[in-house]
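# Next one to model:
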Amino acid sequence: MKMILGLSEALPSITKRKFEAAKASSDLLFSPTELAIIRSSAGIPFQLRYCPSLAKKPIPKLQNATPKQKIDPFENPPPALHLADIPAANPTHFLVLNKYPIISEHFILATKPNKKQTHVLEQDDLEATYAVLKAWQADSGGDEKRLLAFFNSGDHSGASQPHRHLQFLPVEGMRDSNNASDWGLLIDLILTSPAAKATEQHPAFLQHPSLPFTHFAYPFDSEPSGTQLLDVYNRLYDAAKAAVDAFISANPNDFALHPTDDGDLPMSYNLAMTTAGMVILPRRAEGTMLHRDDGSEIGFVALNGTTLGGTMMVKHQDEWNMLRHEPGLLDRILGAIGIPKPPSSKVGSSNI
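Okay, here's the model as predicted:
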């Protein structure tokens, strides 16, 4: 059954209006970025965003809290950031603006009850996500605007909040610079490139041969139902988990699975979705430490689910300079965060 959001105003209109008001009132803090396009050795474009102001981003703390306690930003979000409860009748989720965006109109879908980010996604999470993606396109007035949805789960995924939430970036907001003219969403490339092929082990899923990490993609051939979305997610997760298990079996000292005592999933992963399909990226590291020639540390480059959108961010000038000027570094960073492809993996030619 198709989820109806039941909004009284078009979703792009609500988001734009509330974003501009919250930015003007400082209820959200928008951080402009410098943008460069860097490329993998195979020529795949990635957005590299430089945002020094986020290096000073405050971390909210509870009064008398232990160091590990953080405020749950989704427990009682301020009205200035709240967009809508969905669906309108008996809402299970709500939409809220990101308080610290670097892309205009970045917003979030969170569960009304505090469900865990590290548990399995449920059908209503996926239905709500797809309904938001669909509503944005349907309500954009013929402008063909689109959203990228992404999800971070687990210690190695770039996740920062334990309350379950998926995030949305307007693709037109990601193209906020002339430098982005020859860039496209990575998930689009994975789902539509003629080079992307099914693997022998997983004939139902696509994988792009030019990406240095294992990933699995499923293109939608029509509008999926809630049960179909859940089935695709579960099968993608199982394929990703099998890849993680195989890697750990061959490299037992490299990293380990997460504890599962509280229903937590045993691995970290990113998920991305558009109305065209779904992609999963199993993770083994949150990022990479960059070093100078003398071995001293420059900074830690962390990546989250925006990796599947073909974008990443740094907060320090030295990182920004190094990534723009050292070809091959992007491949190394992308290879280090995911599961290397097995040598026997046959996924077609290497042309983009």
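
# Nearest to the middle of the chain, which residue? Look it up for me.
Nearest to the mean C-alpha position of the chain, counting by Cα atoms, centre = their mean, stands Gly305 at 2.3 Å.

# All the helices of the stretch 1-150 of the chain, in order from the start?
11-24, 123-138 (DSSP state H, counting those that start in this stretch).

# From Met313, how far off is the residue nearest to the centre of the chain?
Plainly put, Gly305 is 12 Å away from Met313 if you go by Cβ to Cβ, to the nearest Å. Just so you know, the C-beta spots here come from the backbone N, C-alpha and C atoms, and that holds for glycine as well.

# cool, Leu189 as well?
20 Å.

# if you count what's nearby, which of those two comes out ahead?
Neighbours were counted for Leu189 and for Met313 using other Cβ atoms under 10 Å; Met313 has more, 22 against 19.

# just checking, that one touches Cys51?
Yes: if you go by Cβ atoms under 8 Å, Met313 and Cys51 touch, sitting 5.7 Å apart.

# re the thing from before, just name the most buried of the helices of the stretch 1-150 of the chain.
Ranked by mean neighbour count, those are led by helix 123-138 with a mean of 21 (mean count of other Cβ atoms under 10 Å).

# By mean pLDDT, point me to the weakest helix or strand of the protein.
strand 197-198 (a mean of 90; mean pLDDT, DSSP states H and E).

# so who does the residue lying closest to the residue nearest to the centre of the chain once chain neighbours are set aside touch?
Leaving aside its chain neighbours, Gly305 sits nearest to Phe150 (3.2 Å; criterion: Cβ to Cβ, 6 or more residues apart in numbering). Applying Cβ atoms under 8 Å, 6 or more residues apart in numbering, we find Phe150 in contact with Leu166, Gln167, Leu169, Asn270, Leu271, Ala272, Met273, Asn304, Gly305, Thr306, Leu308, Gly309.

# The residues you listed in strands, which ones?
Using DSSP state E, the subset of the contacts of Phe150 located in strands is Leu166, Gln167, Leu169, Asn270, Leu271, Ala272, Met273.

# Glu297: neighbouring residues, count only.
Neighbourhood size, Glu297 [other Cβ under 10 Å]: 10.

# isn't there a strand covering Leu333?
For the record, residue 333 is Ile, not Leu. No: under DSSP: H, G, I helix; E, B strand; the rest coil, Ile333 falls outside any strand and is assigned helix.

# how much space between it and Ile187?
18 Å.

# neighbour count winner among those two?
Ile187 (24 against 21).

# Surely the more buried one touches Thr306?
No: when contacts are counted by Cβ under 8 Å, Ile187 is not listed as touching Thr306 (10.4 Å).

# Quick check: neighbours shared by these two?
With contacts defined as Cβ under 8 Å, 6+ apart, the residues shared by Ile187 and Thr306 are Leu148.

# show me where the stretch 251-352 of the chain has strands.
Remark: strands assigned in the stretch 251-352 of the chain by DSSP state E, counting those that start in this stretch are 268-274, 277-283, 287-291, 297-302, 311-314.

# need those in CSV with mean pLDDT, can you?
Shown next, in CSV, are the strands of the stretch 251-352 of the chain (pLDDT from 0 to 100):
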stretch, mean pLDDT
strand 268-274, 98
strand 277-283, 98
strand 287-291, 94
strand 297-302, 93
strand 311-314, 96
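
# In JSON lines, list those strands along with distance to Pro203.
What follows is those, written out as JSON lines (distance: least, Cβ to Cβ, whole Å):
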{"stretch": "strand 268-274", "distance to Pro203": "21"}
{"stretch": "strand 277-283", "distance to Pro203": "16"}
{"stretch": "strand 287-291", "distance to Pro203": "32"}
{"stretch": "strand 297-302", "distance to Pro203": "34"}
{"stretch": "strand 311-314", "distance to Pro203": "30"}
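
# out of the ones you listed, nearest to Leu230?
strand 277-283 (10.9 Å; Cβ to Cβ).

# so what does the closest one touch, helix or strand wise?
When contacts are defined as 3 or more Cβ pairs under 8 Å, 6 or more residues apart in numbering; DSSP states H and E, strand 277-283 packs onto helix 186-192, strand 216-219, helix 226-250, strand 268-274.

# For Ala21, which of the ones you listed is the nearest?
strand 268-274 (27.8 Å).

# Pull the distance from the closest one to the chain's centre.
On the basis of Cα atoms, centre = their mean, to the nearest Å, strand 268-274 is displaced by 6 Å from the centre of the chain it belongs to.

# before we move on, back to that, between the contacts of Phe150, which sits nearest Gly287?
Checking those against Gly287 by Cβ to Cβ gives Asn304 as the nearest, at 9.2 Å.

# Hmm, that closest one is touching Asn152, no?
Yes: with contact defined as Cβ under 8 Å, Asn304 counts as touching Asn152 (4.8 Å).

# quick one: the strands in the stretch 1-150 of the chain?
Going by DSSP E, counting those that start in this stretch, the stretch 1-150 of the chain shows strands at 34-39, 45-50, 82-86, 93-97, 107-111, 147-153.

# Sheet partners, orientation included, of the fifth one?
Strand 107-111 has the following strand partners under DSSP bridges: strand 93-97 (antiparallel), strand 165-170 (antiparallel).
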